[in-house]
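A.B. asks: With the input below, show me the fold.
(2 chains)
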Amino acid sequence: MRPRLHEGGLDSVAPRPGQRTGKRHHVAWPSFHDMVSRLSALERAPVFFSFEDTTLRGLARRLRRVHVPAGEMVVFQGEPGDTIFFIERGRCRVVVEKPPGAVTVAVLTEGDFFGEAACLLNRPQLASVYAQTDCFLLALDRQSLHTVLAGREPGAVEELQKLAEQRTTAFSDTSVQATWGMLFQEATVVGVYSPKGGSGGTCISLNLVGSLARRYPGEVLLLDLDFPYSHSALLAGLVPSSCLARMATVPPEPFEEVLLSAVLYHHGGSMILPGALRPEEADEVTPDLINRAVAVLRKTFRYIVVDLGVTITDATLALFDLTQHVVLVAVPELSSVKSAADALDILMQLGTPHDRVTVVLNNRTQKPAVTKTAVERALKREVDVEIAFDENRPEQAAVAGEILSLTNPRSEITRGTELLAAKLDSVHHRVKNA
Amino acid sequence: MIITRPSRPVDAIHRARGEFRKAAIRRQLQSVAAGKTDHIPADAAEPSHDAASTINEISKGLREDSLPLQLLQVAFKNSQVADRAIENLAVKNIHDRVAGARLVGSLRLYEATPWLVPLLFAKDPSVADAGARALGRIGGASSASALVAAIQRRGQNRRRISELARSAPDLFLESAIDGSDRPVTRPALAIAAGLRRRRTAISPLLKLLERGSRKERVISCRALGWIGAANAIPAIEELLTDHDWKLRMSAAKALGALHAKSSVQALQGLASDRNPRVRKAGTQALRLIQHGA
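C.D. replies: Below is the predicted model:
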């Protein structure tokens, strides 16, 4: 049979791996259950889960199973690499070898992957990876990846390279942090709550983190608990690889390392920890998990800004208990003002001090239907920060994956969040130093 | 006295035409790699035009996902010249098969791996070598598996082992050494792991050094030396007193490669070894450690 490379690829006519070629070379196809398990490992990985089914099947077929006993080395820092490893079962320790010692910077568990920077960016391995327990890995080599993705998923390799770049940056920062140790006192937790959807709560949270990160690069974290759809990472142009919900099953011992390894690093100096990557994962975020996570994060960062979303759940209430400051976002619309007034009542009932609540009025239209005076009358308090109409800049920034407070000083959002950051800093930094 | 027949003028003209055509194809391939055109002449797969050499020159030091190589791959696929090269892999003519394998290898056509595998089992050594080279260039787990299978069936030779070292992806050799299947290939896998010089191979090689057959121990000893596994020095040093002279010689060579200063005394003990080859290896190792050359 004449092979044709230009018509649907050679797979259509090539001797299938299950067939015998010349009675000698025999490669078995994965069984049905094996394929299911391979596919589930791929579907848990960021970027990969967005691929078409046919692409995923093609990749799953080419995965190679590798068993690494506990304590063995999987990759060594500084060596070249050509394979991405997905952890199917077990835990791996990421170690930065800095002679004479070595620092563990992350612990990777089921669903995580590593080796992508060496494989996709042609860089030496950034760190060594050791199997902490008996590990069952799925290895995807560069040739297989490029063969399957070529022509099927335009832009997929670029997306993977972007993820690899981002993880490289995050990793460098984490390793620096790991070697520095805990330099700071415990973080201030700031909850951003918008009682009505579409008020721009996520946008303000993200830009507030940007403004704070300009003052304290690498010391400000955005914890995105805007369920069921946590999009902060996406708006910042980052590709999330793990989330808080996935920490629910992590045992207490490696919890801190695993949690910190899920934090995404933005080049502007801010950090983002997504709450859930999928809507169904939101249920995994329990008050207990939030308490454990915040206890860990407070030791590492100066400010933790939590995007609380709209609905008040057990998780939101648990967070209200942990926050030192609440930012209430309202838009000059009747329903939003009414909801904001109700939310203020709830906060007062929860015992939040008056001076620890900041009301932000976000003008999403050029000519708001409700005036600022009317809003203040309804809320029975002054509006602390008013953000003027910013045209379509927030939407454009979201499309470009930019944080306005880091890129556009003229933006009204930037002005508003700078004011807010200054206010937070004046209250909490002074208190901290006192 | 040998009288050679003078070449006819028409032969010289044919030869000159061939060279002109070869140069034209070379220029054309360079243009394709530079993105100036996407046309590949239909006769580019002809063995006499040696397109593989030009592609190798262009893609030297480049990865398989580099733009020039991708442009060449697409152009070859679209012009059906790649099809012809793959067809050539199944013809009887040895030159055509070798040229096809070279072209496919230089283009790193991963999809052609299944057609290259039978070449590894060809009776003619040049065809088997060309197949191994092509698979080594293409790389990946399937190429490496095919080379391991060839080593199992046809025995180990330098070409197969070096191409296996080149094609094997991360942890392929390590897990194959550890695996219980194909024990015949373990020595070849150990050499390949040594040639790759990856530290991830140290642990499986140390296991082989402890529990392997005599041949496996000899080879893993050398491989550990090539990798520069300093943590293997105590285990290797123990072998200097083994009853098997090949193991003693291999251990001495490995310690020399590792510049094991702590083993100088043990190596000096080899000066009175009953086997002259061990004595020589010991002397050379000491020279390496003391002078670093």
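A.B. asks: residues contacting the closest residue to B:A112 other than its chain neighbours?
C.D. replies: Nearest residue to B:A112 in three dimensions, chain neighbours excluded: B:V104, at 4.5 Å (Cβ to Cβ, 6 or more residues apart in numbering or on different chains). Where you see a C-beta, it was placed from the backbone N, CA and C, and this is true even at glycine. Applying Cβ atoms under 8 Å, 6 or more residues apart in numbering or on different chains to B:V104 gives the contacts B:82, B:85-86, B:89, B:112, B:115-116, B:134, B:138.
A.B. asks: Dump the residues you listed to a markdown table, plus distance to B:P9.
C.D. replies: Output for those, formatted as a markdown table (distance: Cβ to Cβ, whole Å):
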| residue | distance to B:P9 |
| --- | --- |
| B:A82 | 37 |
| B:A85 | 34 |
| B:I86 | 38 |
| B:L89 | 37 |
| B:A112 | 41 |
| B:W115 | 41 |
| B:L116 | 42 |
| B:A134 | 39 |
| B:I138 | 44 |
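A.B. asks: Columns pLDDT, distance to B:R211 and neighbour count on top of those residues, output as TSV?
C.D. replies: Below are those laid out as TSV (pLDDT from 0 to 100; distance: Cβ to Cβ, whole Å; neighbours: other Cβ atoms under 10 Å in any protein chain shown):
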residue	pLDDT	distance to B:R211	neighbour count
B:A82	89	46	30
B:A85	89	45	29
B:I86	90	43	27
B:L89	90	41	26
B:A112	90	39	26
B:W115	92	39	26
B:L116	94	35	25
B:A134	95	35	31
B:I138	92	34	27
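A.B. asks: What pLDDT is listed against A:S205?
C.D. replies: For A:S205, the model assigns a pLDDT of 90.
A.B. asks: what's it sitting at in phi/psi?
C.D. replies: Backbone torsions of A:S205, given as degrees, to the nearest 10, read phi -60, psi -50.
A.B. asks: hmm, back to that, three-state assignment of the residue nearest to B:A112?
C.D. replies: Classification of B:V104 using DSSP: H, G, I helix; E, B strand; the rest coil returns helix.
A.B. asks: and if you look at B:L72?
C.D. replies: Look at B:L72: counting by three-state DSSP, its state is helix.
A.B. asks: before we move on, back to that, next one: the residue nearest to B:A112 from B:E87, what distance?
C.D. replies: Distance from B:V104 to B:E87, counting by Cβ to Cβ, to the nearest Å: 11 Å.
A.B. asks: Show me which residues of chain B are close to chain A?
C.D. replies: Contact residues (Cβ under 8 Å from any Cβ of the partner chain) of chain B with chain A: B:63-65, B:76-78, B:80, B:82-83, B:86-87, B:109-112, B:114-115, B:117-118, B:121, B:138-143, B:145-146, B:149, B:153, B:169-172, B:175, B:198-200, B:202-203.
A.B. asks: List only those of the residues you listed flagged as buried.
C.D. replies: Among the residues of chain B next to chain A, those classed as buried by 16 or more other Cβ atoms under 10 Å in any protein chain shown are B:64-65, B:76-77, B:80, B:82-83, B:86-87, B:109-112, B:114-115, B:117-118, B:121, B:138-143, B:145-146, B:149, B:169-172, B:175, B:198-200, B:202-203.
A.B. asks: ok, A:E412 touching A:E386?
C.D. replies: No. Counting by Cβ atoms under 8 Å, A:E386 is not a contact partner of A:E412; they are 9.4 Å apart.
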